[in-house]
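Novice: just the structure for this:
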Amino acid sequence: MTRALLETGAARVVAVERDRRAVAALAELAAIDPERLAIVEADALEIDPAALVSPPRHIVANLPYNIATALLIRWLKRADDYAAMTLMFQKEVAERLVARPRSKDYGRLSVLTQWACEAKALFDIPARAFTPPPKVTSTLVRLTPRAAREKVPVEALERVTAAAFGQRRKMLRQSLKPLGGDTAALLAEAGIDPQARAEELDVAAFCRLAAAASR
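Specialist: Here you go, the predicted structure:
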C-alpha cells in the first residue's frame, strides 16, 4: 500500500506501523525515497495523524479489525482535519457505515459516520488477496467529510445513539430512559414520535435529539 501511495505522486507519505517486521520492510522504501516517506513506529491509537503532516491530509489505512471502530470514531470527531479517509474494514462493519434507516445494519455507527462524512463502499476484497488469508471478506470505504453538517455536540450524539440503539427494538420513549430527565419532553422538543424506534430515525432526527439532549 505504501509503495502504491508513493507511485500516485503524493507529496509526503507517513506510514504508521506497530509491527517491527513491517517497519523493517518499510525502511527499505524509505531509503529509496527519504524525502517523501517517513516511518512512525507507534500504536495508531496513541497518535494524532493530523500532527504528522500538513493539510490537505488523506488517511489511507488497512485497519486492524480489532481496533477499527475505535480508530474510526476518533477520526470522525475531527473529520475536518482530513480531505478524505480511505479505509479497509471487515465487510460487516463497512455495511453498517453506509446503512440506511429501516435496514438491519443501520445503527449507532451508521449515524455517527454519516453525520460527519459522505460514506461510500468502493469494492470488496476477498480473503485470498491476503497472506495469510483472514476468515472474512474486506471492504474498502471512502469517507469524505461533509462541508456542512448539523452543529451538534458529538458527545451528545454519542450518548443519544448509544441509548437508542442499546435497546433498538423498544420504542424511543423507553430506550432513551438511560439519558435521565423527561424522555417525553425530550422527544417532543426534537419533534420525534415517542413510539418510533431507533432504526426508523434518519441522521437529521438524531441530530435534533442530540441538540435537545445537550440543552
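Novice: ok, the most centrally placed residue in the chain to Met88 distance?
Specialist: Central residue check for the chain by Cα atoms, centre = their mean: the C-alpha nearest the mean position is that of Leu72, 3.3 Å away. According to Cβ to Cβ, to the nearest Å, Leu72 stands 11 Å off from Met88. Yep, even glycine has a C-beta here, placed from its N, CA and C like the rest.
Novice: what is in contact with those two at once?
Specialist: Leu63 (Cβ atoms under 8 Å, 6 or more residues apart in numbering).
Novice: now do the helices in this protein.
Specialist: 2-7, 20-32, 68-76, 91-98, 108-116, 154-166, 172-175, 183-190, 203-213 (DSSP state H).
Novice: just checking, what packs against the last one?
Specialist: Helices and strands touching helix 203-213, by 3 or more Cβ pairs under 8 Å, 6 or more residues apart in numbering; DSSP states H and E, are helix 108-116, helix 154-166, helix 183-190.
Novice: which of these is buried the deepest?
Specialist: Stretch with highest mean neighbour count among those: helix 108-116 (a mean of 23; mean count of other Cβ atoms under 10 Å).
Novice: how far does the worst-scoring helix or strand of the chain on mean pLDDT sit from its chain's centre?
Specialist: Least confident helix or strand, the chain: helix 2-7 with a mean of 80, by mean pLDDT, DSSP states H and E. For helix 2-7, the separation from the chain centroid amounts to 23 Å (computed by Cα atoms, centre = their mean, to the nearest Å).
Novice: can you name every helix or strand that it contacts?
Specialist: Contacts defined by 3+ Cβ pairs under 8 Å, 6+ apart place helix 2-7 against strand 13-17, helix 20-32.
Novice: if you average pLDDT over each of these, which is lowest?
Specialist: Lowest mean pLDDT within the helices and strands packed on helix 2-7: helix 20-32, a mean of 86.
Novice: how about residues contacting that helix?
Specialist: Looking at what lies outside helix 20-32 - Cβ under 8 Å, 6+ apart - the contacts are Thr2, Arg3, Leu6, Ala15, Glu17, Leu37, Ala38, Ile39, Glu41.
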